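> pasting the sequence and the predicted model now:
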Amino acid sequence: MGEPRRNPISNLQFFRNLPLEITIDILSRLPIRRIAVCKCVCKSWRELLRSREFLDFHLSKSVPGLLIGHDWDPENYRIFEFVDELGLETHDLHYNAVTKFNSMGFTDSSELKGSASGLLFFIRKISNCDSLYICNPITREYIELPYDGIFYSDSRMVTSVFGVSKITRQHKVIRVFHEIDNRRECDTAAHLLSNVTKSICLVYVIGTGLWRSIAPPAPFLYGSRSIGASINGNIHWMVENADGSHCVSCFNIETETFSTFAPPIFPVSKRFLVGLVVLGDCLCACDNTFDEIVIWSMKVYGDDKSWRKEFVVKKDGGYVCDCDDCCQVVFPIKVFKDGDILMAWDEIDMIYYSNKTKSITSFDMVRLDDDDGEGLSAMLHTSSFLSLGSFRKESVSSF
């Protein structure tokens with residue numbers, strides 16, 4: 001005879017007798033889908049799973065997963081959990097689907113521009129100004145930020161990022177805008193930056209309902225995919241100076257101040273295909289300029305003398321481009337225990353490097369029928385049950 005099945009009511013009573021912090025610890029270890037089911041068990045669990053204590057503890061213990069979609073296919077954004085185990089037979093076994101969502105529920109023709117503590121940042125470009133949105137794909141809530149007053153003539157002179165401060169845990173949207181004189185030549189970075197007539201930086205703290213102006217950084221040219229690399233409470237961009245040189249621009253989300261430091265020393269080339277990412281607990285720079293993908297890691301954060309080559313991946317023929325005007329930057333997303341590396345090939349394709357075969361393979365994560373991959377968005381994302389209704393002075397809607 002098999003063992004008698006335990007009474008579900010007895011199981012529930014067992015949890016009721018546990019200290020609250022232990023119950024929170026146990027429930028926070030469950031996958032996102034299981035936690036959603038637990039909300040339906042009883043009223044007390046539903047209230048517990050909505051509490052700030054659970055939300056903060058769950059977020060602190062959660063491992064980032066993968067968010068992927070296409071700006072031109074807003075119905076097909078998907079979130080995956082990573083399965084980081086050794087001995088998996090095929091690379092696709094590294095992923096478990098969590099949820100799928102449709103950003104058309106709150107905006108169309110939008111671009112995904114960032115993820116922070118379970119929330120996503122979208123921008124909808126309308127003529128020469130932007131509509132900005134924050135959403136939580138797990139709770140299916142969103143807010144539209146008030147208009148910031150920025151009206152631009154050249155989108156290359158505007159950058160927008162989203163992050164969370166390290167101490168106060170405030171969610172902030174940062175907008176940097178360099179106004180230029182369009183009457184003068186603006187075909188190069190030097191021309192653009194020499195024509196800057198005014199620089200502004202605006203900060204919006206979610207829950208305040210207001211934009212604030214802070215001291216802007218020096219005029220830099222940001223890349224078109226400058227969503228920023230967030231680590232240690234700072235957001236980082238690889239930027240171009242007026243003289244054509246490059247540096248890392250750093251924004252401290254807590255103190256709202258800018259600083260710069262030097263990137264690795266790269267070989268001289270007419271083109272510059274370098275992007276910043278975070279891998280594990282290190283700020284990294286990925287160089288796709290030549291016939292190898294070279295990933296540099298900053299071993300001591302903030303010390304620009306500590307850059308070291310971490311990975312060198314030989315590119316197959318189909319991924320080598322010798323054109324001087326090539327602008328395809330590679331963004332590594334995850335290094336797995338078996339040595340595989342998941343990467344986004346600019347806004348075009350998802351690829352992975354197989355440590356077993358020493359080769360690069362295209363990887364269609366969302367199984368799209370259309371071959372046009374432009375507009376690809378792929379980034380780390382930590383799912384959370386944080387309700388946007390907890391932010392005061394925000395009008396929250398569902399999608």
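Good, I have the coordinates.
> okay, now the unreliable bits of the stretch 151-300 of the chain?
183-187, 223-225 (pLDDT under 70).
> can you give me the helices in it?
Taking DSSP state H, counting those that start in this stretch, the helices of the stretch 151-300 of the chain run over residues 189-194.
> please apply the same query to the stretch 1-150 of the chain.
Going by DSSP H, counting those that start in this stretch, the stretch 1-150 of the chain shows helices at 8-16, 20-28, 32-38, 43-50, 52-61.
> export only the CA atoms of the shortest one, formatted as PDB.
Presented in PDB, the C-alpha positions along helix 32-38 are these (Å, rounded to 0.1, in the frame of the first residue of the first chain):
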ATOM      1  CA  ILE A  32       6.800  32.800 -10.400                       C
ATOM      2  CA  ARG A  33       3.900  30.600 -11.800                       C
ATOM      3  CA  ARG A  34       3.700  28.700  -8.500                       C
ATOM      4  CA  ILE A  35       3.600  31.900  -6.400                       C
ATOM      5  CA  ALA A  36       0.700  33.100  -8.600                       C
ATOM      6  CA  VAL A  37      -1.200  29.900  -7.800                       C
ATOM      7  CA  CYS A  38      -0.500  30.300  -4.100                       C
END
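> buried residues in it, which are they?
Of all the residues in helix 32-38, those buried under the rule 16 or more other CB atoms under 10 Å are 32, 35-36. Where you see a C-beta, it was placed from the backbone N, CA and C, and this is true even at glycine.
> just to revisit the earlier point, and of the helices of the stretch 1-150 of the chain, who's closest to Cys282?
Smallest distance to Cys282 across the helices of the stretch 1-150 of the chain (CB to CB): 19.8 Å, for helix 52-61.
> I'd like to know which elements the closest one is packed against.
helix 20-28 (3 or more CB pairs under 8 Å, 6 or more residues apart in numbering; DSSP states H and E).
> can you list contacts of the helix it packs on?
Residues outside helix 20-28 that contact it (CB atoms under 8 Å, 6 or more residues apart in numbering) are 15, 18, 35, 38, 45, 48-49, 53-54, 57-58, 61-62.
> for PyMOL, what selects the buried ones among the residues you listed?
The PyMOL selection below is limited to those of these classed as buried (16+ other CB under 10 Å):
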select buried, resi 15+35+45+48+49+54+57+58+62
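> redo the contacts of helix 20-28 as TSV? Include pLDDT and distance to Lys125.
TSV is the format used below for the contacts of helix 20-28 (pLDDT from 0 to 100; distance: CB to CB, whole Å):
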residue	pLDDT	distance to Lys125
Phe15	66	49
Leu18	83	50
Ile35	91	35
Cys38	88	40
Trp45	84	42
Leu48	90	41
Leu49	90	37
Glu53	92	39
Phe54	93	37
Phe57	93	38
His58	92	34
Lys61	89	37
Ser62	91	31
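> quick one on the thing from earlier: least confident of the helices of the stretch 1-150 of the chain, on average?
Among the helices of the stretch 1-150 of the chain, helix 8-16 carries the lowest mean pLDDT, a mean of 60.
> which residues are in contact with the closest residue to Leu88 other than its chain neighbours?
Leaving aside its sequence neighbours, Leu88 sits nearest to His94 (CB to CB, 6 or more residues apart in numbering; 6.4 Å). His94 makes contact with 82-84, 88, 336, 340, 342, according to CB under 8 Å, 6+ apart.
> same thing with Asp108?
Asp108 sits next to 74, 124 when contact means CB under 8 Å, 6+ apart.
> can you pull the pLDDT of it?
pLDDT, Asp108: 76.
> got it, and the one 5 residues further on?
Per-residue confidence at Lys113 stands at 93 (pLDDT).
> now do the contacts for it.
121-123, 160-162, 227.
> for Asn76, state which of the buried residues of helix 32-38 is nearest.
Nearest to Asn76 out of these is Ile32 (CB to CB; 18.8 Å).
> Ile231 reaches Leu279, doesn't it?
No. Taking contacts as CB atoms under 8 Å, Ile231 lies outside contact range of Leu279: 9.8 Å.
> closest to Ser387 out of the helices of the stretch 1-150 of the chain?
helix 43-50 (7.0 Å).
> so which elements touch that closest one?
With contacts defined as 3+ CB pairs under 8 Å, 6+ apart, helix 43-50 has these neighbours: helix 20-28, helix 32-38.
> including distance to Glu75, could these go into JSON lines?
Listed next are those as JSON lines, based on distance: least, CB to CB, whole Å:
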{"stretch": "helix 20-28", "distance to Glu75": "31"}
{"stretch": "helix 32-38", "distance to Glu75": "20"}
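> name the nearest of the buried residues of helix 32-38 relative to Trp307.
Ile32 (35.7 Å).
> tell me which residues touch that closest one, please.
81, 98-99, 138, 383.
> OK, contacts around the residue nearest to Thr289 when sequence neighbours are not counted?
Using CB to CB, 6+ apart and skipping the chain neighbours, the partner closest in space to Thr289 is Leu273 (4.6 Å). By CB under 8 Å, 6+ apart, the contact set of Leu273 is 287-289, 326-330.
> how close does Leu273 sit to Trp345?
Applying CB to CB, to the nearest Å, the value for Leu273 to Trp345 is 11 Å.
> circling back to that earlier point, of the contacts of Leu273, which pair is most distant in space?
For those, and using CB to CB, no pair is farther apart than Asp287 and Cys327, which are 13.8 Å apart.
> those two: which has the busier surroundings?
Neighbours were counted for Asp287 and for Cys327 using other CB atoms under 10 Å; Asp287 has more, 23 against 14.
> rewinding a little: state the pLDDT value of the residue nearest to Leu88.
92.
> can you put the buried residues of helix 32-38 in JSON lines and add distance to Gly389?
Listed next are the buried residues of helix 32-38 as JSON lines, based on distance: CB to CB, whole Å:
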{"residue": "Ile32", "distance to Gly389": "19"}
{"residue": "Ile35", "distance to Gly389": "18"}
{"residue": "Ala36", "distance to Gly389": "17"}
